[in-house]
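Novice: I would like to see how this sequence folds:
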Amino acid sequence: MYNMADYHIDAKNKILGRLASDISLILQGKKSASYNPRVSGTDRVYVENYKDVRVTGKKETQKIYYHHTGYVGHLKELKYEEVKARDPKRIIRQAVRKMLPRNFLTQKRLNRLYFMEGKGK
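Specialist: Got it, this is the predicted structure:
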């Protein structure tokens, strides 16, 4: 009934927001002829060269990622440069997650996002 498709995206020198919006459309299944909003979709996305993704403007030095530990006063913050040095996959995964609809299908869709080490090097 549903056809599975694999999309291979090269993130080298691509802008983070534009890349994340393209990936979120694919994960929702909107590029498939059998799109149905209540179904998580079957298309998979493989991102190559994810370490070479770009951001525009001053985001390289000014963008901050926040997370809360759950304890009072424990709001943690990391700058874009620190997150990129630790885990560059987290940058793309979080951007895609925030572009997906907030519902019970979000995690199922994110599980079909895979990262591959750069092949074009």
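Novice: quick check: residue 103 is in a helix.
Specialist: No. Counting by DSSP: H, G, I helix; E, B strand; the rest coil, residue 103 falls outside a helix, being coil.
Novice: so what's the residue count around it?
Specialist: 12 (other CB atoms under 10 Å). C-beta: built from backbone N, CA, C; applies to glycine.
Novice: how about residue 29, nearest residue that isn't a chain neighbour?
Specialist: Distances taken as CB to CB, 6 or more residues apart in numbering put residue 41 closest to residue 29, at 2.8 Å, once the chain neighbours are dropped.
Novice: quick check: that neighbour is in a strand.
Specialist: No. Secondary structure of residue 41 (three-state DSSP): coil, not part of a strand.
Novice: quick one, phi psi at it?
Specialist: Torsion angles at residue 41 (phi, psi; degrees, to the nearest 10) stand at phi 90, psi 170.
Novice: how about the contacts made by it?
Specialist: With contact taken as CB atoms under 8 Å, 6 or more residues apart in numbering, residue 41 is in contact with 2, 27-29, 32, 35, 109, 112.
Novice: from those, keep the buried residues only.
Specialist: Among these, the ones that count as buried by 16 or more other CB atoms under 10 Å are 27-29, 32, 109, 112.
Novice: can you list which of these are found in strands?
Specialist: Among the buried ones among the contacts of residue 41, DSSP state E puts none in strands.
Novice: tell me where the model's unsure across the protein.
Specialist: For the chain, the stretches with pLDDT under 70 are 1-3, 118-121.
Novice: all helices of it, in order?
Specialist: With DSSP state H as the criterion, the chain has helices at 16-28, 59-62, 80-86, 88-99, 106-110.
Novice: pick the most buried one from these.
Specialist: helix 16-28 (a mean of 19; mean count of other CB atoms under 10 Å).
Novice: now the angle between helix 88-99 and that one, please.
Specialist: Per axes from the mean of the first three to the mean of the last three CA atoms, to 10 degrees, the angle that helix 16-28 makes with helix 88-99 is 70 degrees.
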